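J.: Okay, predicted coordinates and the sequence, questions at the end:
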Amino acid sequence: MANVTDPLARPLHGTNPQNLIEYITRQKIYDSRYWKESCFGLTASDVAERAATQVRAVGGAYGSNGRPTRFVCLVLKMLQIGVEDDVVDELVGNEDFKYVRALGAFYLRLTGRPADVYAKLEPSLNDRRRLRRREAFSWESTHVDAFVDDLLRCDRVCGIALPRLPKREALVEGGYLDGPRRSAVLLAKMAKMAKMGDEEGDDGEGEGEEMEYPEDLEEEGNMAEAALVRMAREGSDAAREALRENGRGHLVVDGDTNKKNKKNKKKSRDDDDDDDD
């Protein structure tokens, strides 16, 4: 009974969640010492704790007998108990323990919808922390971003067959994702262009004017992109082209309309002040 899937766990991809790992691998995990001693009666928080304190490498099975790693044992335990989506998001977004993030990323790739997989795993492509990877007969050194990139591109990772993942472009065309991925390189380029625009503004007619950022971008923390939008609204063709290439051209509106709205707001405030007097 210790190996039975939790009755409250929902089916994944139309099957028992544990079936996402091949039968032979599952049996070797069930027979392993680590599974019997350390994976009995665990909750989601217990799995995260063990990933932070006991996992020292990512990988599937190793050695001539196919001995399972602790990493893949915890993946199977998560499939068995049916981890909630918000808990998986916490694991994927963990900045303190790299193997906790790797565990959450692998589980999300196995169980998540394609759009969620891209949207939630792509931020981890900026994580440069080093990981140890256990191969069948050797050790390798990798990084979190390389491991996540394998999850997004490869059919098998850690010896486990992954569900088919559509190309990102197909999801964008279908409206499931909003434009191309905004990589760290792109954001750095945007920040550089924004800085150049600020320097030009200091020497030109815009001196002394307050910089305005689109509110939605400012709330998301995308200050570099917000600055690029501001430049495009002020008439910068290069900024417009950069936004258009990255599927963000809809953020650009006519600068005259903005100025007119600003004047109307200012006039409204003046009228309110006169009424108060």
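T.: That came through fine.
J.: Every contact and neighbour count from this point should use C-alpha atoms.
T.: Will do.
J.: So residue 169 lies in a strand, does it not?
T.: No - if the criterion is DSSP: H, G, I helix; E, B strand; the rest coil, then residue 169 is helix and not within a strand.
J.: What's the local residue count around it?
T.: 13 (other C-alpha atoms under 10 Å).
J.: so what's it up against?
T.: Going by C-alpha atoms under 8 Å, 6 or more residues apart in numbering, residue 169 touches residue 180.
J.: do you know how far it is from residue 155?
T.: If you measure residue 169 against residue 155 using C-alpha to C-alpha, to the nearest Å, the figure is 18 Å.
J.: Ok, residue 244 next?
T.: 32 Å.
J.: quick one: contacts of the helix or strand hosting residue 73?
T.: Taking DSSP states H and E as the criterion, residue 73 maps to helix 70-81. Under the contact criterion C-alpha under 8 Å, 6+ apart, helix 70-81 has outside partners 3-6, 9, 17-18, 21, 26, 29, 34-35, 39, 42-44, 47, 51, 54-55, 57-61, 103, 106-107.
J.: Check stretch 16-31 too.
T.: Contacts for stretch 16-31 (C-alpha under 8 Å, 6+ apart): 3, 5, 9-11, 35-36, 61, 66-68, 73, 76, 79-80, 82, 110, 160-162.
J.: Ignoring the adjacent residues along the chain, who's closest to residue 146?
T.: residue 125 (7.4 Å; C-alpha to C-alpha, 6 or more residues apart in numbering).
J.: ok, back up a step: any of the contacts of stretch 16-31 buried? List them.
T.: Those of the contacts of stretch 16-31 that meet the buried threshold are 3, 5, 10, 35, 61, 67-68, 73, 76, 79-80, 82, 110, 160, 162, by 16 or more other C-alpha atoms under 10 Å.
J.: So which of those is the closest to residue 131?
T.: residue 61 (16.8 Å; C-alpha to C-alpha).
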